[in-house]
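Trainee: what's the 3D shape of this:
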Amino acid sequence: AIGDTAPMIFDVVGDLGQTNYSVDTMAHIIADAENATEFLLHVGDMSYADCLNPRWDSYFELIEPLASRLPWMVTAGNHEIEPNNLTGHIMDPYKARYQMPQFAPTVDTTEYFQNLSYHGLDCTPDQFVGSYDYGNSFYSFRAGMVHFIVLNPYTHTENASNQFDWLNAELSTRVDKSV
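Mentor: So this is what the prediction gives:
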């Protein structure tokens, strides 16, 4: 509970994917959850679907035994970028499947269209023009005595960017610095 001063246990995972190692990792996390884990923070590179939507379904089948009973907080990694060639927007599967805390509606100014004849299918681009702000892009949440801040590496971060302004306001008004 928010403000609870009791010790808190949570798991952090990244690059889970869908391999035999993923199954082993999930078994360890499930064992932790049966003991004391209160939530899981997944720091990107979840399903490794890489533009193959059925892989999102199989990923959720893998995590369902745990995700159905334990809060699962996420932030996007490069494998969630997955450009949509109809709109040019990025992270559509991520946006549709995860509902994290939102402080403002999603703003996606990205226009990243793939030219299959040039490079082939690039579902985890390391460079694109645009930004994905608000929605479940960057957010905060509280658990126990901790105020977690989740940032988005796939948007603008310079002074006066949406994420910078939000973070500045978050740190100056919502974080209890007396604790």
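Trainee: all contacts plus neighbour counts: C-alpha atoms, from now on.
Mentor: Will do.
Trainee: buried stuff in the strand or helix carrying A33?
Mentor: For A33, the enclosing helix or strand under DSSP states H and E is helix 20-35. By 16 or more other CA atoms under 10 Å, the buried positions in helix 20-35 come out as 22, 26, 29-30, 33.
Trainee: what are the phi and psi angles of W72?
Mentor: Per-residue torsions, W72: phi -130, psi 100 (degrees, to the nearest 10).
Trainee: That one contacts V43, doesn't it?
Mentor: No. Contact between W72 and V43 fails when scored by CA atoms under 8 Å: they sit 10.5 Å apart.
Trainee: Export the helix holding A33 to CSV, keeping only CA atoms.
Mentor: Extracted as CSV, the C-alpha positions of helix 20-35 are listed here (Å, rounded to 0.1, in the frame of the first residue of the first chain):
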residue,chain,number,x,y,z
ASN,A,20,13.7,-21.5,-23.0
TYR,A,21,15.6,-19.0,-20.8
SER,A,22,12.4,-17.0,-20.7
VAL,A,23,10.5,-20.0,-19.3
ASP,A,24,13.2,-20.5,-16.7
THR,A,25,13.1,-16.8,-15.7
MET,A,26,9.3,-16.9,-15.4
ALA,A,27,9.5,-20.0,-13.1
HIS,A,28,11.9,-18.1,-10.8
ILE,A,29,9.7,-15.0,-10.8
ILE,A,30,6.6,-17.1,-10.0
ALA,A,31,8.5,-18.7,-7.1
ASP,A,32,9.4,-15.2,-5.8
ALA,A,33,5.8,-14.1,-6.2
GLU,A,34,4.5,-17.1,-4.1
ASN,A,35,6.8,-15.9,-1.3
